[in-house]
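In: coords below, sequence missing:
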C-alpha cells in the first residue's frame, strides 16, 4: 500500500433501530489495491455497516466518501453506479434466467428500439466466465447450477463494472478448494487494477492468507485496525470477543460406553464405497476430507435420505435398515444438516415452532397443538444450550448464526436420539459462537451421546474429536485416534497418499 487517497471512507457512521444502537460511530478507510478484512462476531455490526454502504439503510449520523467525494447511497443500484459492488453470501439470483441475464440484470445491452442485444450479452458474459475458469457458459440456466457455481455467478457480477471497491461477504462458504484458488486469483487481479477489497469472513486461515489489514467491530463499535502481518489469530480473537479462546486439540478423557452405531462395508453408487466405522456412546467421531470425499453422503444415507447400494448398518449391535428420515428418527438417529438455513430451519417461523417441528404430531391435543408442551420443550433446551433470544416468539431468521445452530441442535436433542450427526457444525459462525458449539459437542458426548462431526476445518476436527476418519474420493483412508494424529498425517490421508488396511 502507498499514501494514496483511500478509495472508500466511512466516517462516524451511526445507525439506530428501536431499542438498539447497531452502529456507534464506526470509521473505516479502504486503500486502493488492498484487501481489507472486516471481522467481528455475529451481531457485531458488520452486516448493518455494509447495508449502510450499499444504500439499503441510511445512516443516522456520519458520511460515506468515495474517492474524495462525499456520497449518499440512495439504493443498491446507486451504490453500484458509484463503484461500490457487493458479492453477497446469500444468493440473490433468478433461477429461471440464464447466467448472462443474471449477471447483467437491469443493465442488458440494447439494440435499436430497445431490443436486447443477445450476441453482445453472451459475448461479454463468456469473457467474464473465462476469467473465472468455470465449467458453464452464458446461456446456462442458473437453476441448473450447483450452489458453488451459483456463487461464482454472484462473483462474476463484480467484474461487469469499473469498481472502486468490492465487498466480499463470506465468498468461500460454498466453494470447493479449486474454486477458492480461482477466487483468490480474481481478487489479486482486482488489486492489481487498484480496486479496494473489503473481505468479510470467519475463516481465519483465509484472512491471514490474502488480506493486508484487519478491522474489528464489537457490539456495534469500531475496535481497531491492524496490519495482518503484525498480528495473529489469538490477538484478533481477543479483539472480536474480548477474551481468549481454547484452540487446543481435544485431550479430554472419559469412559466410553457401548457401540451405538456400526457401519460395515457401506456403499452408495459412485459416491462412496466399502465404508466401515463405529461410534461409541460418549465418543465424538470426526470425519475429515476434501469436498467430494463422500462424508455428507454417508450422513445422508444414515439419515434415510439416500439408499445404500451395499453394506450393513447396526444400531446397538442389531442390524437395521433405514428407509426414510422418519425411520431414522424413530430409531434414534438425528442429523444437523450442513445447510442450516435451507435444510435445518424455517427462517420465517418462531424459535419454539422450529424446535418442536419434528414432533408436532406427538404434541397434539385433539385437533390442536398443545402449546404449553411446546413452550416447555423450548424453555428446557434454551436453558440447556444457552440459546440467546428474548423468548420463543422470536423469528429464527433474526438470530445470529450460532444461536440458529443451537436451535437446530435443540430440535434434535428434544427427540432424545442415541446418535447425533452434525455436518459442518460451525460454517458461517463467528469465532466466539464457534467455541460455544465446540464445547456443546464435547458436553453432549460426556452426557453419553454418540456424536459424529463432519467438518472441512482441520482445527475444528482436531479440537472436538476422539477419533478421526480421514476420507478421500469416497473411501476411508485411515482412522486416527486423537493421540496419534498429526496435521501432516491427516493431510496425507485426505490427499490419498496413505491408507490403513484395518480401516
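Out: Structure's in. What do you need? Not measured: the values here are computed from a predicted model. Numbering: from 1, shown residues only.
In: pretty sure residue 386 is touching residue 409, no?
Out: No: using Cβ atoms under 8 Å, residue 386 is not in contact with residue 409; the gap is 11.4 Å. Just so you know, the C-beta spots here come from the backbone N, C-alpha and C atoms, and that holds for glycine as well.
In: okay, those two: which has more neighbours?
Out: It is residue 409, of residue 386 and residue 409, that has more neighbours when counted by other Cβ atoms under 10 Å, with 26 against 13.
In: relative to residue 412, how far out is the nearest residue to residue 30 once chain neighbours are set aside?
Out: Distance criterion Cβ to Cβ, 6 or more residues apart in numbering; nearest residue to residue 30, sequence neighbours excluded, is residue 196 at 3.8 Å. Relative to residue 412, residue 196 is positioned 43 Å away (Cβ to Cβ, to the nearest Å).
In: when those two are compared, which one has more neighbours?
Out: Ranked by neighbour count (other Cβ under 10 Å), residue 196 and residue 412 place residue 196 first, with 24 against 21.
In: list the beta-bridge partners for the more buried one.
Out: Assessed by DSSP bridges, residue 196 has beta-bridge partners residue 165.
In: got the residue ranges for the helices in the stretch 401-503 of the chain?
Out: Counting by DSSP state H, counting those that start in this stretch, the stretch 401-503 of the chain has helices at residues 401-413, 431-446, 458-464, 487-494.
In: most tightly surrounded among these?
Out: Stretch with highest mean neighbour count among the helices of the stretch 401-503 of the chain: helix 401-413 (a mean of 24; mean count of other Cβ atoms under 10 Å).
In: what residues does that one touch?
Out: If you take Cβ atoms under 8 Å, 6 or more residues apart in numbering as the criterion, helix 401-413 is touched by 42, 334-337, 340-341, 344-345, 351, 354-358, 378, 381-382, 384-389, 396, 399, 420, 422, 425-426, 428-430, 432-434, 436-437, 440, 444.
In: now, those that are in strands?
Out: Among the contacts of helix 401-413, the members found in strands (DSSP state E) are 334-336, 420, 422.
In: can you put those residues in TSV and add neighbour count?
Out: What follows is those, written out as TSV (neighbours: other Cβ atoms under 10 Å):
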residue	neighbour count
334	24
335	27
336	22
420	25
422	27
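In: out of those, flag the one nearest to residue 227.
Out: Ranked by distance to residue 227 (Cβ to Cβ), those are led by residue 422 at 36.2 Å.
In: so that closest one touches residue 453, yeah?
Out: Yes: taking contacts as Cβ under 8 Å, residue 422 lies within contact range of residue 453: 5.2 Å.
In: low-scoring stretches of the stretch 101-250 of the chain, by residue?
Out: 174, 243-250 (pLDDT under 70).
In: going along the chain, name the helices of it.
Out: According to DSSP H, counting those that start in this stretch, the helices that the stretch 101-250 of the chain contains are 118-132, 147-157, 177-192, 204-210, 233-241.
In: now do the longest one against helix 118-132, angle only.
Out: Taking axes from the mean of the first three to the mean of the last three Cα atoms, to 10 degrees, one finds helix 177-192 and helix 118-132 inclined to each other by 100 degrees.
In: in helix 177-192, what's buried?
Out: 179-180, 182-184, 186-187, 190-191 (16 or more other Cβ atoms under 10 Å).
In: the first one too?
Out: By neighbour count, with 16+ other Cβ under 10 Å as the criterion, the buried positions of helix 118-132 are 118, 121-122, 124-125, 128-129, 132.
In: tell me which of those is nearest to residue 212?
Out: Nearest to residue 212 among the buried residues of helix 118-132 is residue 132, at 23.1 Å by Cβ to Cβ.
In: re the thing from before, wait, which of the helices of the stretch 401-503 of the chain is closest to residue 160?
Out: That would be helix 401-413 among these, by Cβ to Cβ, at 29.9 Å.
In: what angle separates the closest one from strand 419-423?
Out: Comparing the axes of helix 401-413 and strand 419-423 via the same axes, to 10 degrees yields an angle of 150 degrees.
In: now residue 103: how far from residue 240?
Out: Distance, residue 103 to residue 240, using Cβ to Cβ: 34 Å.
In: what about these two, which has more around it?
Out: In this view residue 103 and residue 240 are compared by other Cβ under 10 Å, and residue 103 has more residues nearby, 26 against 22.
In: in contact with that one, which residues?
Out: Contact partners of residue 103, counting by Cβ under 8 Å, 6+ apart, are 125, 128, 153, 156-157, 160.
In: for these, work out which two are farthest apart.
Out: Longest span within these, Cβ to Cβ: 153 and 160, 11.4 Å.
In: who has more neighbours, those two?
Out: Counted by other Cβ under 10 Å, residue 153 and residue 160 do not tie: residue 153 has more neighbours, with 23 against 15.
In: helix, strand, or coil at residue 296?
Out: The three-state assignment at residue 296 reads helix, by DSSP: H, G, I helix; E, B strand; the rest coil.
In: residue 379: how many residues sit nearby?
Out: When neighbours are defined as other Cβ under 10 Å, residue 379 has 13 of them.
In: residue contacts, it?
Out: When contacts are counted by Cβ under 8 Å, 6+ apart, residue 379 touches residue 392.
In: residue 230: neighbouring residues, count only.
Out: 9.
In: correction: residue 329
Out: Using other Cβ under 10 Å, residue 329 has 19 other residues around it.
In: to residue 457, which of the helices of the stretch 101-250 of the chain lies closest?
Out: For these, the distance to residue 457 is smallest for helix 204-210, at 8.5 Å, taking Cβ to Cβ.
In: how far off centre is the closest one?
Out: Distance, stretch centre to chain centre, for helix 204-210: 16 Å (Cα atoms, centre = their mean, to the nearest Å).
In: for that helix, which outside residues touch it?
Out: 35, 37, 39, 172, 180, 184, 187, 199, 201, 214, 228, 233, 236, 431.
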